[in-house]
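Trainee: structure for the following, please:
(one chain, ligands or ions: 2)
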Amino acid sequence: MRKPIVIALSAGLVLALGAGAAGCAAPSGSPKASDTPPHAPALMPASHEGRFAELGAQGCYGCHGSSERADPLLASAPKMPADHYLGGAVDSREIDPVRTQCDTCHGQE
Ligand code: HEC
Ligand code: HEC
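Mentor: Ligands and ions are numbered 1, 2, ... in the order given. Below you'll find the predicted structure:
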């Protein structure tokens with residue numbers, strides 16, 4: 001007596017799950033792309049002309065970097081975000097190796 005009922009129930013469940021999955025498939029793909037709008041790196045201002053060639057990444061660090069006592073080192077310079085540091089940690093006081101070519105991302109204005 002019980003068996004047919006169980007079969008009927010599970011068939012209904014499969015149908016319901018199938019419909020749910022199909023319903024979710026379309027919306028799940030599209031919102032993701034707009035979650036992460038492209039965040040363009042700032043250009044170096046005109047005052048920086050030739051600076052990278054002359055000073056290299058450590059030169060940039062000398063103003064935009066940090067020490068135990070100052071972040072940024074030069075108060076009027078915007079500070080480097082944490083993700084520019086080794087391991088994403090400002091207190092590493094070291095530039096992440098993938099960030100050392102500053103001028104590949106920060107073009108000259
Ligand atoms: C002598 C100090 C000094 C050095 C060295 C220096 N900067 Fe700057 N930087 C500043 C200051 C101050 C500002 C903000 C004022 C301005 O616009 O000039 C600035 C602005 C910037 C900006 C614009 C940020 C924004 O939000 O608009 C970028 C990008 C930048 N610097 C990158 C670099 C890079 C890359 C280097 C190495 C080649 C470097 N800087 C070397 C002092 C310095
Ligand atoms: C791989 C690309 C890339 C490299 C290489 C890179 N940056 Fe950036 N930088 C970015 C992006 C993207 C942002 C904006 C991130 C944010 O706002 O969180 C940024 C933000 C900054 C800011 C903050 C600017 C502001 O407006 O507040 C400074 C200062 C800076 N970078 C300096 C440097 C210096 C100095 C170097 C080299 C040591 C460097 N960057 C290397 C991509 C890069």
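Trainee: from here on, contacts and neighbour counts on C-alpha atoms
Mentor: Noted.
Trainee: where along this protein do the helices fall?
Mentor: 3-35, 51-64, 102-105 (DSSP state H).
Trainee: what does the shortest one contact?
Mentor: So the one you mean is helix 102-105. Here helix 102-105 makes contact (Cα atoms under 8 Å, 6 or more residues apart in numbering) with 41, 52, 57.
Trainee: out of those residues, who's near ligand 1?
Mentor: 52, 57 (Cα under 6 Å from any ligand atom).
Trainee: in JSON lines, list the contacts of helix 102-105 along with neighbour count, distance to ligand 2 and pLDDT.
Mentor: Formatted as JSON lines, these follow (neighbours: other Cα atoms under 10 Å; distance: Cα to the nearest ligand atom, whole Å; pLDDT from 0 to 100):
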{"residue": "P41", "neighbour count": "9", "distance to ligand 2": "4", "pLDDT": "96"}
{"residue": "F52", "neighbour count": "17", "distance to ligand 2": "9", "pLDDT": "98"}
{"residue": "A57", "neighbour count": "18", "distance to ligand 2": "5", "pLDDT": "98"}
